[in-house]
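[1] Provided below for reference: sequence and predicted model.
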Amino acid sequence: MDTKDNILSICDSLSVLGQQKAAEDIRMIAEKGHPSLEDLSSCLRGYAVRFSNERFERFVRRAKIGTLCSFDGIIDSPARKLDMEYLSELNSLDFIRSGFNLVIWGPPGTGKSWIARMIATSACAAGLRTRWVSFPVLYDQLLRLSKSTDGQTLGIILTPRHITDLMCELVDVRPDGVVLDPTCARRDS
C-alpha cells in the first residue's frame, strides 16, 4: 500500500466514524500532491480539538452544572489552608473510576459547591456522564410529596418523575430491564 492508498484508507475510516468533513479535507490535501505527515497531523489535530470541544459542550449542557469551575481557577492563599495536592487528586477523577463516592461538607462559604462544580466540569471534559443535582431542592420536594394537603403524613413517598427520569438515564434503562428503585419507599404510620 502506498502513501496515497494509506491516506484514502484513513479518510474512509474517518467517514465511518462520522467525520466526513475531516475526510474530505484530508482527501483535498492528498489531491494537491504528496502531503507531509505534518500537514495530515495538523489537519487531524484540528478536527480532534473541535470534536473534543463539541463533546465537552454537549456533556456540560446535559449535566446542567451552571457555572463551570476548573482546577486552574482555585485561588490558593495561605489563609484558605487548601490541600492543593488533594484537590488535584480529586480533579483527576480517579476516585470515580475506582467506584468510590465523595461527600463534601463544611460550613457555609467554604467552597463546597465550587469544588463539586470543579469535579463535575472535569467529569464532563473526561466524557463521564454527569448531572448536577442540588440536595436541598431534592429533599424539599420529597418532603412535600410525603405530606397530604392537610399536613398529615401520607405514609407513601412516590419518586418524583424527574428523579425517575434521571435515574433511568444514569443507569441506561432498557425497555426489557428490571429496575429496583431504592428512592421509592413506604413509610409505616
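    Yep, it's here. What you see is a predicted model, and the numbers here were worked out from it, not measured in a lab.
[2] what sits up against the helix or strand where Ala23 lies?
    Assigned by DSSP states H and E, Ala23 belongs to helix 20-31. For helix 20-31, contacts defined as CB atoms under 8 Å, 6 or more residues apart in numbering pick out 4, 7-8, 10-12, 14-15, 35, 39-40, 43-44, 47. The C-beta positions use only the backbone N, C-alpha and C, and glycine is treated the same way.
[3] report the buried members of these.
    7-8, 10-11, 14, 35, 40, 43-44, 47 (16 or more other CB atoms under 10 Å).
[4] can you map out the strands along this structure?
    Ranges of strands in the chain, per DSSP state E, are 156-157, 185-186.
[5] what does the model give the residue lying closest to Tyr47 once chain neighbours are set aside for pLDDT?
    Closest residue to Tyr47 apart from its sequence neighbours, by CB to CB, 6 or more residues apart in numbering: Ala22 at 4.1 Å. If you check Ala22, the pLDDT there is 82.
[6] and the gap between Ala22 and Glu54?
    For Ala22, the distance to Glu54 equals 13 Å [CB to CB, to the nearest Å].
[7] and for Gly18?
    12 Å.
[8] lowest-pLDDT helix or strand in the protein?
    Scoring the helices and strands of the chain by mean pLDDT, DSSP states H and E places strand 185-186 at the bottom, with a mean of 42.
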